[in-house]
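Colleague: Here's a sequence, model it:
(2 chains)
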Amino acid sequence: MNIAVCVKQVPDTASPGRLDPTTHTLERSGKLMLDPSDEFGVEMALQLVQAAGGGEVTLVSMAPHGEISGLRTALAMGADKAILISDEGLQGSDALGTAKVLAKALQRVQADLILAATESTDGYTGTLPVQVAELLGLPSITFAKRVRIEGQKVLVDRQTETGFDEVECPLPALVTVTAGVVEPRYPSFKGIMAAKSRPIEQLKVADLDLSTDDVGWHGAGQEIVSVEPAEARQAGEIVVDEGDGHERIVAFLEQLKVI
Amino acid sequence: MDFDLSDEQESFRKVVKDFAEAEIAPFAEQWDRDHTFPLETVKAMGELGLFGLPFPEEYGGSGADFTTMCVAIEELARVDSSMAVTVEAGVGLGANPIFQFGNEDQRQTWLPDLCSGRALGAFGLTEPDAGSDAGATRTKAALDASTHEWVLDGSKAFITNSGTPITSVITVTARAEAGISAFIVPAGTKGLVVEPPYRKMGWHASDTHGLRLEACRVPDGNLLGEPGRGLAQFLAILDDGRVAIAALAVGVAQACLEHSVAYAKDRQAFGGPIGRNQAVAFKCADMVVAVEAARNLVYRAAWLKDHGRPFKQAAAVAKLFATEAAVTATREATQIFGGYGFMDETPVSRFYRDAKILEIGEGTSEVQRLVLARGLGLPV
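Modeller: This next block holds a predicted model:
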């Protein structure tokens, strides 16, 4: 069982991100880290490979400046190898451009299963995984809260607003996993040391049989025209209970048409 | 000169920090209140490799250097001293004597479980009447030639990790014919009595007991290291422990700094945040000086050890300065928090109670000054 995991390397999630004032895109010039939402896919992949009795977990990532910090974290968790696509020509890529790059890289892996997070924690478009699946001609299942492999099929409990659907589809396939599908492990010190010697293949756009016209600013079909700050949240109303607290709560909920 | 930790050390610091914030910080107050030794969390620290960090992989360790160990202890102490000292004692007092002085058989028997955190080890040196004066050890060891067993009689005091559900082994010092020697006593050995836990000022989630040895018999092969060298062996172990306790103190002081600065920005009094008053702001400034100085002393002592250089003096310097800095930082943080600092809902109250022991354990501040004064050639 060979599994590929799409992982994003994002600016430190602990400090607020900055937008470039002219391009309105997130500044990604500093050190990047493994997107916390991708820890679930990496852990899921490690557990599925172990349950299958063997195989490899390959990470696929696109990042600026040859960034590998986040890949090292995922390798320290136990992934076997990684492919990084880093190229100045990729700057300005939109979700579809990124999907084209990752799809080409994933073709080199020939995985039985491709995992991704439902969305990244910096861009939040949530569109990339299904675009990758479409480009590769693979079936995809989104929002998995449980993933099992049975023979040549993947069985998924797919989170819905009211519960979950049980979905199955033949492999190879692409599945996006929610936070909570598994509990990601912490990398051990031994894992961190082992990660140093795990291979990271670094590729350019030209290595992927793509033209720089397909990706980056040139290939982007979308443009961020302007960015407005979110409206500040209004202060809440403080209700002091003077014996009628329950009535006030009921009235408030009725006003919201919740009850 | 290079003041940077390696990429691997920085990566592991982040792992331990994330672990401490997610798995320890939310529960530390409750463990402190209920005097809970959190076994599942201790096991999780074992899975992270913390208990085997500085030992070779052949014994189940991680093969990290001592500096990495100090960084890990610092990050644990930043959220909870009890968990930090559980690791520090497990590594420094439980496993390290067996690794340093054990024969191959003893290492293979005990280290794999100790390194993985499946088991915890303890070291019984201090006695009710022999603390800093460890040479006054009264516990006796007599060889019973007919059974090839050592018979141990005496009592030990303040022994960390000695009564946990997973304590597997306690090394004790005792006076034999050849002088003070060290003996490996497996948990559960007949005649080894683990007394009820102490009522302590702090470190409530750490396991501490007195021990009694009542005609406690162990095989003669359980002698650890050379007969008569027990005290010298222990003093060598203690140099490592002093740096590790100093690292723990850095974590405590760092936490006080972060809590104090956050509170000084947030707490409003006299029409603004209290941090705009120099009386508060300068306390924070002094705290950052103390933290930076202590951390540099600790890392330098650890670096000397990692490079095979003498580090006895550096260890004493780091231990003395860092632990006194930590106690000062907890006192000033509590002062900045005012009445809230005296309430157990705020972490600084717990830090204040937890810090004092740092000036006492693994050699008191007075013992450090003695070591340093003697190092200066003074006839003290």
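
Colleague: Residue B:143 should be in a strand, yeah?
Modeller: Yes: Residue B:143: assigned to a strand according to DSSP: H, G, I helix; E, B strand; the rest coil.

Colleague: I'd like to know how far it sits from residue B:149.
Modeller: 8 Å (Cβ to Cβ, to the nearest Å). For the C-beta atoms, the positions are set from N, CA and C on the backbone; glycine is no exception.

Colleague: what's the overlap in contacts for the two?
Modeller: Residues touching both residue B:143 and residue B:149 (Cβ atoms under 8 Å, 6 or more residues apart in numbering or on different chains): residue B:220.

Colleague: So which residues on chain A come close to chain B?
Modeller: A:72-73, A:76, A:185-190, A:192-193, A:196 (Cβ under 8 Å from any Cβ of the partner chain).

Colleague: From these, list the buried ones, please.
Modeller: Neighbour-count burial (16 or more other Cβ atoms under 10 Å in any protein chain shown) applied to these gives A:72-73, A:76, A:185-190, A:192-193.

Colleague: Can you flag which of the residues you listed belong to strands?
Modeller: Among those, no residue falls in strands (DSSP state E).

Colleague: With distance to residue B:356 as added columns, please give the residues you listed in TSV.
Modeller: Shown next, in TSV, are those (distance: Cβ to Cβ, whole Å):
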residue	distance to residue B:356
A:72	40
A:73	38
A:76	37
A:185	36
A:186	31
A:187	35
A:188	33
A:189	31
A:190	36
A:192	35
A:193	37
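
Colleague: Out of the residues you listed, which comes closest to residue A:130?
Modeller: Proximity of these to residue A:130 was ranked by Cβ to Cβ; the top entry is residue A:73 with 25.6 Å.

Colleague: quick one: contacts for the closest one?
Modeller: Contacts of residue A:73 by Cβ under 8 Å, 6+ apart are A:33-34, A:187, A:195, B:11.

Colleague: residue ranges for the helices of chain B, please.
Modeller: B:7-19, B:25-34, B:39-47, B:66-77, B:81-89, B:96-101, B:104-116, B:230-266, B:278-306, B:312-337, B:347-355, B:365-375 (DSSP state H).

Colleague: now, of those helices, which is deepest in the fold?
Modeller: Highest mean neighbour count of those: helix B:81-89, a mean of 29 (counted as mean count of other Cβ atoms under 10 Å in any protein chain shown).

Colleague: got the CA coordinates for that one in CSV?
Modeller: Extracted in CSV, the C-alpha atoms of helix B:81-89 (Å, rounded to 0.1, in the frame of the first residue of the first chain):
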residue,chain,number,x,y,z
SER,B,81,7.6,21.6,37.2
SER,B,82,6.1,18.3,38.4
MET,B,83,6.3,16.7,35.0
ALA,B,84,9.7,18.2,34.3
VAL,B,85,11.1,16.8,37.5
THR,B,86,9.5,13.4,36.8
VAL,B,87,11.5,13.3,33.5
GLU,B,88,14.6,14.8,35.1
ALA,B,89,14.7,12.3,37.9
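
Colleague: Now do it, average pLDDT.
Modeller: In this model, helix B:81-89 carries a mean pLDDT of 98.

Colleague: in terms of contact count, name the helices or strands touching it.
Modeller: helix B:25-34, helix B:39-47, helix B:66-77, strand B:120-124, strand B:149-160, helix B:230-266, helix B:347-355 (3 or more Cβ pairs under 8 Å, 6 or more residues apart in numbering or on different chains; DSSP states H and E).

Colleague: Please state the offset of that helix from the chain centre?
Modeller: 6 Å (Cα atoms, centre = their mean, to the nearest Å).

Colleague: Give me the residues contacting that helix.
Modeller: Taking Cβ under 8 Å, 6+ apart as the rule, helix B:81-89 contacts B:20, B:24, B:28, B:31-32, B:37-38, B:41-42, B:45, B:50-51, B:72-73, B:76-77, B:120, B:122-123, B:160-161, B:202-207, B:241, B:244-245, B:248, B:251-252, B:351, B:354-355.

Colleague: Please give me every residue in contact with the residue nearest to residue A:150 when sequence neighbours are not counted.
Modeller: Excluding the flanking residues, the one nearest residue A:150 by Cβ to Cβ, 6 or more residues apart in numbering or on different chains is residue A:168, at 7.8 Å. Residue A:168 makes contact with A:150, A:153-156, according to Cβ under 8 Å, 6+ apart.
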